[in-house]
Every structure is written in C-alpha cells, then in structure tokens.
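A.B. asks: quick one: sequence plus predicted model below, questions after.
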Amino acid sequence: MNLKIMLAALLATIALTACDPVYSIWYEVENRTQNDLYIIDKNWQDLDTHYNVISAGHVLILGVESEIGTLEFEFESFDGPQPFIEHLIIQNHLGDTTTVDVFSKEPWIWEPFEAGDTEGKTTLIIEDADF
C-alpha cells in the first residue's frame, strides 16, 4: 500500500514540476543607418566574444535567452539586457561608438511574437543620429 502512495506522490510531483512554463527572448540589434555597423558582444551563455558586421537595413540576433517563468513577467520586470548580455559595443563605419546607453531599459523595444506566446524579442534600433 505504501508503494502505491509513494508512486502516486512521485507521479504528481513530476506532473506538477513538468508544467513549469519556459519562455525564450531573442535579443536583436537592428541597423537603420546608411552604413555597416560593427558589433562586439558577449552573452553569459557563451564563453566567446563575437565580432559581427551588420549591413544597413539588417538585423543581428545577439542571442536567445530561455528561462523558466512567464514572458509577461519578464517583460514587466525588464530593466535592460544585463545579465544576459555582458558586453556590447556598437561602432559605425568611421569607428565612432554609439552614444546610446545599450544597457539601459529605454532603447530596447519589447514585443511578443504572438499574444499569449512564450517567445518574444527585444530589439535595439541604431540610427545615424546615435553616433
């Protein structure tokens, strides 16, 4: 009898913990300048520093963060891309570094892919006036 109770408790525990919601967020930089942008970035999931070039009118995905929780809560509590993005430098074709505070909340635009979805993105748009 105790074995049946223990098995039922184990199955209930597995069922309850297996239902934890998981969300994913894409971190992107969109180049709205007239020239290439040079990006140096590092996120906490990767040991390497990345060096990328984004052509005018294109988007670079810096990384995808997946965590347990809800996307709505993450959007509400978002205070900037850290700690996911540890290092981010954006330079224009002249070597000037952007004046945008890339680690503050304000320049990042949040949007879920679909209402009630568990996936969304946050985009940093860089324009010529940002240098």
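C.D. replies: All right, it came through fine.
A.B. asks: what's the weakest-modelled helix or strand in this protein?
C.D. replies: helix 71-77 (a mean of 62; mean pLDDT, DSSP states H and E).
A.B. asks: and the residue most central in space within the chain, how far from residue 94?
C.D. replies: In the chain, the residue lying closest to the centroid (C-alpha atoms, centre = their mean) is residue 27, at 3.4 Å. Residue 27 sits 25 Å away from residue 94, taking C-beta to C-beta, to the nearest Å as the criterion. From N, CA and C alone the C-beta is placed, and that goes for glycine too.
A.B. asks: go on, residue 125?
C.D. replies: Remark: distance between residue 125 and residue 94 (C-beta to C-beta) = 19 Å.
A.B. asks: more neighbours: those two, which one.
C.D. replies: residue 125 (16 against 7; other C-beta atoms under 10 Å).
A.B. asks: the more buried one: what's it in contact with?
C.D. replies: 30, 32, 107, 109 (C-beta atoms under 8 Å, 6 or more residues apart in numbering).
A.B. asks: sticking with it, tell me its helix or strand.
C.D. replies: In this assignment (DSSP states H and E), residue 125 forms part of strand 119-126.
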